[in-house]
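Q: Provided below for reference: sequence and predicted model.
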Amino acid sequence: MRLLVTGGAGFIGSNFARMALKTMPDWELTVLDKLTYAGRKENLEDLDSDPRFKFIRGDICDEKAVSEAMEGCDAVVNFAAETHVDRSIDDSASFVRTDVEGVRVLLEAFRKEERQLFLQISTDEVYGSVEKGNSVETDQLAPRSPYAASKAGGELLAMSYWTTYGVPVTVTRASNNYGPFQYPEKLIPLFITNAMNGEPLPLYGDGLNRRDWLFVEDNCRALIMIIEKSEPGRIYNIGAGQEHTNREVTSSILEITGADRNLVRYIEDRPGHDRRYALNVSLIENEIGWKAETSFEEGLRKTAGWYRGNRTWWQKIKSGEFREYYLSMYGDRLTNSRESG
Ligand code: NAD
Ligand code: TYD
């Protein structure tokens with residue numbers, strides 16, 4: 001099978017490409033990626049010599065680039081997206097463009113030929129904040145950030161192509177991923193790398209927001225199993241049931257890195273900050289036979305080990321565009337920060 005993997009130079013996409021080539025000898029992969037600030041060709045460097053792997057730099061909103069990249073592909077896995085909630089609060093334009101319009105362009109190219117699967121990578125954030133219980137796939141969507149709303153738009157559009165044109169669409173909604181190659185704007189890689197540099201760890205609000213943490217390799221294994229087994233028209237939650245407050249995550253990072261607790265700063269909260277996400281994963285367990293295998297402790301140790309061993313990767317990122325972003329996002333808030341929540 002030949003797969004088009006969009007956004008394959010980002011965090012989850014590059015982990016997926018690596019695992020797919022390693023474990024699926026009959027698969028060939030074309031990665032189409034715009035290489036935005038979050039995408040890095042070097043995330044795929046070790047795959048370059050594999051004859052089953054091809055990289056194309058291009059935008060999923062560009063009809064010509066998409067139709068050329070999709071030529072001869074049986075399946076599309078769409079990871080390409082703008083993904084950071086805080087950036088979407090600052091400016092939602094690129095989110096609506098890539099996460100909604102980009103999906104439309106992909107779907108239009110996809111349906112020009114008979115193909116096997118369009119896998120739209122969505123997120124648990126489409127359910128909105130879940131104060132109690134767990135979200136099931138049939139729950140009403142209630143996204144609350146421009147990022148989550150754009151992702152909801154993308155997956156709804158994809159599903160509409162299944163009901164309208166019979167395009168074989170499957171949607172996944174994973175919880176927060178963490179692991180190697182994650183751009184250090186997200187909580188876990190930001191705090192690990194700041195801790196390793198002896199810099200402040202900026203916790204939003206009271207630090208008691210909760211997320212269900214999924215090790216990226218568990219997510220990628222789920223996606224490979226879904227590509228092999230899923231019926232079209234399905235939506236699957238993917239979560240590990242490893243729920244932690246941000247304070248707990250921070251304590252674990254301090255322990256693993258040996259950094260000083262005085263680095264923790266409580267800063268002004270994110271507007272509209274979702275308190276909690278939690279997923280019911282019975283459907284994927286029962287229909288696909290997948291279960292997360294990595295505990296949070298083990299996954300965090302592996303992740304910290306990767307950042308320890310790949311300092312040049314993240315130091316290069318943190319000295320570029322990131323520095324400006326960090327100053328505008330955190331500068332004033334850190335000046336007005338508190339040492340307890
Ligand atoms: P990421 O930000 O690390 O990577 C996104 C990739 O998409 C980058 O390589 C970027 O260059 C590329 N891209 C962006 N706009 C593009 C465009 N217009 N055309 C082509 N490529 C473009 O993101 P990630 O964390 O790897 O997330 C991948 C997918 O998984 C996203 O769809 C995201 O919504 C979803 N998701 C992520 C998480 C998580 O915790 N990271 C959880 C659930 C779902
Ligand atoms: P993030 O990694 O941005 O993922 P998402 O918002 O998509 O879940 O944030 C995870 C949690 O960590 C979320 O509750 C916000 C919080 N957070 C902080 O407290 N400080 C930070 O600097 C960041 C980036 C996130």
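A: Sure, I can see it. Ligands and ions are numbered 1, 2, ... in the order given.
Q: Can you tell me what sits against stretch 28-37?
A: 1-10, 13, 17, 20-21, 39, 41, 44, 52-60, 65-66, 69, 73, 80, 82, 183, 321-322 (Cβ atoms under 8 Å, 6 or more residues apart in numbering). Quick note: C-beta positions are derived from backbone N, CA and C, even for glycine.
Q: For that stretch, the averaged confidence score.
A: For stretch 28-37, mean pLDDT rounds to 98.
Q: picking that back up, the contacts of stretch 28-37: which ones sit near ligand 1?
A: 6, 7, 9, 10, 13, 39, 59, 60, 80, 82, 183 (Cβ under 6 Å from any ligand atom).
Q: Could I get those in TSV, plus columns for neighbour count?
A: Shown next, in TSV, are these (neighbours: other Cβ atoms under 10 Å):
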residue	neighbour count
6	30
7	28
9	27
10	26
13	27
39	22
59	20
60	29
80	29
82	24
183	20
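Q: Select from those residues every entry located in strands.
A: residue 6 (DSSP state E).
Q: Next one: residue 16 from residue 310, what distance?
A: Using Cβ to Cβ, to the nearest Å, we find residue 16 at a distance of 19 Å from residue 310.
Q: got it, and residue 260?
A: 23 Å.
Q: Using PDB, list the CA coordinates for stretch 25-44.
A: What follows is stretch 25-44, C-alpha atoms only, in PDB (Å, rounded to 0.1, in the frame of the first residue of the first chain):
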ATOM      1  CA  PRO A  25       7.300  -3.900   5.000                       C
ATOM      2  CA  ASP A  26       4.700  -3.600   2.300                       C
ATOM      3  CA  TRP A  27       4.000   0.100   2.800                       C
ATOM      4  CA  GLU A  28       5.500   2.900   0.800                       C
ATOM      5  CA  LEU A  29       5.300   6.500   2.200                       C
ATOM      6  CA  THR A  30       5.200   9.900   0.600                       C
ATOM      7  CA  VAL A  31       5.400  12.700   3.100                       C
ATOM      8  CA  LEU A  32       3.900  16.100   2.000                       C
ATOM      9  CA  ASP A  33       4.800  18.900   4.400                       C
ATOM     10  CA  LYS A  34       4.900  22.600   4.200                       C
ATOM     11  CA  LEU A  35       7.700  22.800   6.800                       C
ATOM     12  CA  THR A  36       6.100  25.500   8.800                       C
ATOM     13  CA  TYR A  37       7.900  26.600  12.000                       C
ATOM     14  CA  ALA A  38       6.800  23.200  13.500                       C
ATOM     15  CA  GLY A  39       7.900  21.000  10.700                       C
ATOM     16  CA  ARG A  40      11.500  20.000  10.300                       C
ATOM     17  CA  LYS A  41      13.100  17.900   7.600                       C
ATOM     18  CA  GLU A  42      15.700  16.700  10.000                       C
ATOM     19  CA  ASN A  43      12.900  14.900  11.900                       C
ATOM     20  CA  LEU A  44      12.900  12.400   9.000                       C
END
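Q: How about it, which residues are buried there?
A: 27-34, 36, 38-40, 43-44 (16 or more other Cβ atoms under 10 Å).
Q: What residues does the stretch 101-250 of the chain have near ligand 2?
A: 176, 186, 187, 190, 202, 203, 204, 209, 211, 246.
Q: bridging residues for the fifth one?
A: Right, residue 202. With DSSP bridges as the criterion, residue 202 is bridged to residue 265.
Q: okay but it is in contact with residue 334, surely?
A: Yes. Using Cβ atoms under 8 Å, residue 202 is in contact with residue 334, at 6.1 Å.
Q: Comparing those two, which residue is more hemmed in?
A: residue 202 (22 against 16; other Cβ atoms under 10 Å).
Q: Filter the contacts of stretch 28-37 down to the ones in helices?
A: Counting by DSSP state H, the part of the contacts of stretch 28-37 found in helices is 13, 17, 20, 21, 65, 66, 69, 321, 322.
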